[in-house]
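> Task: produce atomic coordinates for the following.
(chains A and B)
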Amino acid sequence: MADDDDVKEYRWETGYEKTWEAIQEDDQGNLEASVAEIIQRAKRKAQMERKGHTRLGMMRHMYIILDASEAMHDQDLKPTRQLCTLKLMEGFVEEFLYENPLSQLGFILSRNKRAEKITELSGNYKKQLEVLKSNFGQPNSCSGEPSLQNALELALSSLKHMPSHAIREVLVIMGSLTTCDPGDINITIQKLKTASIRASLIGLSADVRLCKSLCMTTGGDYGVVLDDVHFKHLLSTHALPPQAAAEHSSSALVKMGFPHHAPTDNKTSYLAMCMCHLDSEEGSKLDGGGYLCPQCRSKYCELPAECKVCGLTLVSAPHLARSYHHLFPVQPFTLIPIDQNRTPSCFGCRVQFKTIDKQVYKCEKCCEVFCLDCDMFIHDTLHTCPGCSTNQQTYQTLSSES
Amino acid sequence: MAVYGGAERSLLVIIFDVHPCQKIITNHQHRFHQVLEAVIAFSNGHLLMKPDNRLAIIGCHSGASDYIFSDKDYAVVPTGINDGQYELFAHVEKCIRKNIKQFLSKMSNNLPAGESLLAGACGMGLCYIQRMKRELPIGDKMNSRILVLTGSNDSASQYMNYMNVFFTAQKENVVMDVCTLEHDQGLLQQGCDITGGAYLKTPQQQGLLQYLMWVFLPEPPLRKKLVLPPPVKVDYRAACFCHRQLIDIGYVCSICLSIFCKFSPICTTCHALFKTPGPPPSKPKKKKPKM
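Predicted coordinates for the structure are as follows:
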């Protein structure tokens, strides 16, 4: 598999592996249990790797470059590469903006040897997807050859001007094996590197040396898809915030406002025009609700927004809170064989442990014991150990973690 | 019960705050009994709505949280002394009384000081809901909700845990209802707003059961058709990481999104060093040379 980049060798260069020996039949001669165990182990391994980053790049600015060339009509991904990419993009954009509040996305299409920016960077996924569908989803929207260099230059020209604390990224989805460039692409790659833009690439057909060197020089990830499931998996690795590189220390404290709803009791209620729709064609309505900028009291009907009067970034606290679990992850639980376990049932869901389960999972901090399902749920979704958070000594993860 | 195969059942998880420092309990001797009676009657009311409805109750105080009633307690023991009352109801009542007595007597004298850890109890509730969803027969549907019943004070120290719980509930389509008996709870209000639940601060203690039956008994899909208290205006201000105080304007670290109420040259969470402060530059710039 080509995604073992850090090993720097291809599968065919490694020794002879007997992959089938990892799978063993159980007593009834079934393979399922063994396969499930392998999947389970892989999932836990992926979880373990995620731990311990406190320095994450949270304010991400990413351009997604989509190949819209003839090669996207290929039917190796069902129904076609183009439609499969579009469908996976829908999920990805939503997930990306959910996991990275305050981050921004934009799309660039590359076709007919040219690159074209279809959306500017923004955090509104509904608008993005609408434009993407009308520009990329049509039967005639893929034609000609792609130009990687033109697309990268275009992304570079707008990412250059982002504030220094922003994480700049480019994600390329490349279906074609060739690119039609006006000049030397290596110069463009060097330019990306000096602008500290991280370029990642997902290839839909085969491993290309140039693409690989692009990713390696700029510090991105390179992957080639095996099938649509693998494609989705590769995409989802880009949805999680990357670890901020140590030398990328251009961090800044950004001043932000946390508006509350305008009061609507009879005494204090007043009507105001919202500032966000002033410029739009339909104009803003005189209305009572909305959010007030805590600095200048101008009104906005949606968050997040940048105040047009005083320039303050307005966000709601839950927006930020959505990403805190990346910073304070639940430590991985330790495995305990079932026969050493003293508690009769799972602390979370109260399921009775049975001897078939083989293993139970113990939180090192609060010493409560959980079942496998709760272990997965707590680490993947909940991000709070119910044991720790019901214990007066351990519930404040904030202060004790760092 | 198979007759109702197509019907949607609903699972209610009640988080019952039994912290002994709640004023409402300490002020009047019999108040706790009243609240308990109300919870029991409300629980039975929920089970009465549909034969397939499910119930769990989690008791919670500053030291521990435990299940008062869960699927383990469903085995009805026919007693024959319940005067024609539906046996399940009598059983539920008995179970709740027995278990809450056990839970309270375990509380012991050296209860750790501090607030009730409701966020953790909600987390347990979510785990339980996940399991019930997994164990659901194929083809059945279930909507689940959590009702938090508390008389405790508002505090921001469980902020992160609450937020994680709210977003998980939102993701899993679990509605969070909150009924506070005494103080307004800003954080829980946010939870109701995020998950689309109802929030009520009972204006009167005596009528608790009535409020519960009126606002919290109908399933969320039904609520649109009822006349309920209007949604509250939610205070979405953030709590700063340094003092845990609610702030209007704050500074956010670009690396880890930690919130601070004052400019500081180093982030306490991710240890990032900040070079240039935001728009109001004069003060922090003077600080820099001292470093």
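> ok, now which ones touch the spatially closest residue to residue A:312 that is not a sequence neighbour?
Residue nearest to residue A:312 in three dimensions, not counting chain neighbours: residue A:257, with 4.6 Å by C-beta to C-beta, 6 or more residues apart in numbering or on different chains. All C-beta spots, glycine's among them, are computed from the backbone N, C-alpha and C. With contact taken as C-beta atoms under 8 Å, 6 or more residues apart in numbering or on different chains, residue A:257 is in contact with A:293-295, A:307, A:312-315, B:248-249.
> Also residue A:225?
Neighbouring residues of residue A:225 by C-beta under 8 Å, 6+ apart: A:77, A:202-204, A:231, A:234.
> And it, how far from residue A:172?
From residue A:225 across to residue A:172, the span is 13 Å (C-beta to C-beta, to the nearest Å).
> got any residues that touch both of the two?
With C-beta under 8 Å, 6+ apart, residue A:225 and residue A:172 have common neighbours residue A:202.
> before we move on, back to that, which residues pair with the residue nearest to residue A:312 across the strands?
Beta-bridge pairing for residue A:257 (DSSP bridges): residue A:314, residue B:249.
> Need the pLDDT of it.
Looking at residue A:257, its pLDDT stands at 86.
> What of residue B:268?
The confidence metric pLDDT takes the value 80 at residue B:268.
> shouldn't it be in contact with residue B:262?
No. Look at residue B:268 against residue B:262 with C-beta atoms under 8 Å: they stay out of range, at 11.8 Å.
> Kindly check the end-to-end length of stretch A:216-227 for me.
Start and end residues of stretch A:216-227 are separated by 23 Å (C-alpha to C-alpha, to the nearest Å).
> what about it, distance to the chain center?
A distance of 15 Å separates the centroid of the chain from that of stretch A:216-227, by C-alpha atoms, centre = their mean, to the nearest Å.
> what does stretch B:240-260 give?
25 Å.
> element containing the spatially most central residue of chain B, please.
By C-alpha atoms, centre = their mean, chain B has its centre lying nearest to residue B:148, at 3.6 Å. Secondary structure from DSSP states H and E places residue B:148 in strand B:141-150.
> got the buried residues for the next helix or strand after that strand?
Counting by DSSP H and E, the element after strand B:141-150 in chain order, helix or strand, is helix B:159-171. By neighbour count with 16 or more other C-beta atoms under 10 Å in any protein chain shown, helix B:159-171 contains the buried residues B:159-170.
> The nearest residue to residue A:103 once chain neighbours are set aside - how many residues pack around it?
Excluding its sequence neighbours, the residue lying closest to residue A:103 (C-beta to C-beta, 6+ apart) is residue A:60, at 4.0 Å. Applying other C-beta atoms under 10 Å in any protein chain shown, we find 22 other residues in the vicinity of residue A:60.
> these two touch, right, residue A:60 and residue A:170?
No. Applying C-beta under 8 Å, one finds residue A:60 not in contact with residue A:170, separated by 11.2 Å.
> The closest residue in space to residue B:73 that isn't next to it in sequence: neighbouring residues, count only.
Once flanking residues are discounted, residue B:73 sits nearest to residue B:95: 4.6 Å by C-beta to C-beta, 6+ apart. Using other C-beta under 10 Å, residue B:95 has 22 other residues around it.
> so residue B:95 sits in a strand?
No. Under DSSP: H, G, I helix; E, B strand; the rest coil, residue B:95 falls outside any strand and is assigned helix.
> residue boundaries of the helices in the chain?
Let's take chain A. Listed in chain order, the helices of chain A (DSSP state H) span residues A:32-50, A:81-99, A:125-136, A:148-159, A:185-194, A:209-218, A:228-239, A:317-321, A:324-327, A:372-377, A:386-389, A:397-401.
> not quite, I wanted chain B
Counting by DSSP H, chain B has helices at residues B:23-27, B:31-49, B:87-105, B:118-135, B:159-171, B:186-195, B:208-211, B:220-223, B:282-290.
> among the ones you listed, which is nearest residue A:208?
Residue A:208 lies closest to helix B:159-171 among those, at 37.6 Å (C-beta to C-beta).
> That closest one close to chain A?
Yes. Using C-beta under 8 Å from any C-beta of the partner chain, helix B:159-171 reaches chain A at B:159-161, B:163-168, B:171.
> any chance of these in a markdown table, with distance to residue A:319 and pLDDT too?
Output for these, formatted as a markdown table (distance: C-beta to C-beta, whole Å; pLDDT from 0 to 100):
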| residue | distance to residue A:319 | pLDDT |
| --- | --- | --- |
| B:159 | 14 | 81 |
| B:160 | 14 | 83 |
| B:161 | 18 | 89 |
| B:163 | 10 | 88 |
| B:164 | 14 | 90 |
| B:165 | 17 | 93 |
| B:166 | 12 | 92 |
| B:167 | 11 | 90 |
| B:168 | 16 | 91 |
| B:171 | 15 | 86 |
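> Could you list the residues of the stretch 51-200 of chain B in contact with chain A?
Residues of the stretch 51-200 of chain B found near chain A, taking C-beta under 8 Å from any C-beta as the criterion, are B:60, B:62-65, B:67, B:70-72, B:112-114, B:117, B:119-121, B:123-124, B:126-128, B:130-131, B:134, B:157-161, B:163-168, B:171-172, B:190, B:194.
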